[in-house]
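Asks: pasting the sequence and the predicted model now:
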Amino acid sequence: MKIVSFRTKPKKKRSPAKSAGTGRRGRKKRNLRPLAVGGILLVLILLAVVVQQTIVASWLHKEDANLTYIDDIPVHEDFLPEGYAARPGEKRVIRYVVIHETDNENEGADAEAHNHFMHTNGKDNELSWHYTVDDHEIWHHIPDDETAFHAGDHMEDGGGNKNGIGVEMCVNADGDYEQTLKNAQKLAATLLHEYGLSIDDLKKHQDFSGKNCPSRLLNAGRWDEFVQGVKTELEALEAA
């Protein structure tokens with residue numbers, strides 16, 4: 001059989017882009033899961049930092065412990081009016097609890113009497129503290145987060161007036177001094193606990209101005225004993 005010759009059109013070569021195993025359908029997809037997980041972790045870390053800073057800030061600038069009772073000891077709140085010389089109203093960070101004694105041995109010179117004294121004389125005089133403690137009750141005169149004039153060191157940064165809560169213990173002749181000490185220890189421990197402070201942040205007036213105060217306690221050589229009592233109360237609060 002004679003085969004007649006003929007021409008055929010050359011086959012077009014398939015372009016590489018359209019060849020099998022290539023092209024859009026053949027491309028491998030990128031694994032985005034690690035990027036997504038990393039992004040989520042980063043967001044969670046940032047949120048945790050923000051929450052932590054908010055908590056710390058609120059703790060450092062906590063206005064007041066709002067105490068009404070410490071065990072069975074009533075705490076009476078009677079703040080000096082704003083604008084009184086004895087209440088400058090300056091906000092601060094609380095770093096210490098500062099212990100004093102009133103040195104007023106007159107009969108009847110209990111915590112309530114000293115609250116009356118401060119309200120009577122505080123309008124024009126820079127003399128004030130935060131709490132007065134006697135053998136049966138506590139009076140609260142100035143919000144915890146405000147400065148007061150009790151440590152004799154003006155308003156130095158890091159000082160008792162600027163950063164300490166002033167606690168006066170009564171020594172009236174008709175009071176039970178030993179019970180006053182116990183009540184003051186409970187108050188001091190409660191304040192240290194409320195503001196995240198340690199026993200090392202318990203101070204005496206003498207630490208800031210050199211004044212022999214709390215005088216009866218110091219003269220009797222009982223400061224360390226007092227501190228140990230506060231420490232015991234603080235440890236009980238922290239363990240609760």
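Replies: Now that the structure is in, tell me what you want to look at.
Asks: what segments of this protein are helices?
Replies: For the chain, the helices defined by DSSP state H occupy 33-60, 111-121, 160-163, 177-194, 206-209, 215-219, 223-239.
Asks: and those as CSV, adding mean pLDDT, mean neighbour count and distance to residue 77?
Replies: C-beta coordinates here come from the backbone N, C-alpha and C atoms, glycine included. Below are these laid out as CSV (pLDDT from 0 to 100; neighbours: other Cβ atoms under 10 Å; distance: least, Cβ to Cβ, whole Å):
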stretch, mean pLDDT, mean neighbour count, distance to residue 77
helix 33-60, 61, 10, 21
helix 111-121, 98, 18, 10
helix 160-163, 97, 24, 21
helix 177-194, 98, 21, 13
helix 206-209, 97, 19, 26
helix 215-219, 98, 16, 26
helix 223-239, 98, 15, 21
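Asks: turn those into a markdown table, including distance to residue 170.
Replies: As requested, those are arranged in a markdown table below (distance: least, Cβ to Cβ, whole Å):
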| stretch | distance to residue 170 |
| --- | --- |
| helix 33-60 | 31 |
| helix 111-121 | 6 |
| helix 160-163 | 20 |
| helix 177-194 | 6 |
| helix 206-209 | 19 |
| helix 215-219 | 11 |
| helix 223-239 | 15 |
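Asks: how close does the residue lying closest to residue 73 once chain neighbours are set aside sit to residue 224?
Replies: Nearest-residue entry for residue 73: residue 183, 5.4 Å, with adjacent residues in sequence omitted and distances by Cβ to Cβ, 6 or more residues apart in numbering. Separation of residue 183 from residue 224 (Cβ to Cβ, to the nearest Å) stands at 19 Å.
Asks: next: residue 154.
Replies: Distance, residue 154 to residue 224, by Cβ to Cβ: 29 Å.
Asks: residue 70 now?
Replies: From residue 70 to residue 224 the distance is 23 Å (Cβ to Cβ).
Asks: and if you look at residue 237?
Replies: From residue 237 to residue 224 the distance is 20 Å (Cβ to Cβ).
Asks: same check on residue 122?
Replies: Remark: distance between residue 122 and residue 224 (Cβ to Cβ) = 33 Å.
Asks: repeat for residue 210
Replies: Taken as Cβ to Cβ, the span from residue 210 to residue 224 is 19 Å.
Asks: now do the contacts for residue 139.
Replies: Neighbouring residues of residue 139 by Cβ atoms under 8 Å, 6 or more residues apart in numbering: 75-76, 78, 111-112, 114-115, 131-132.
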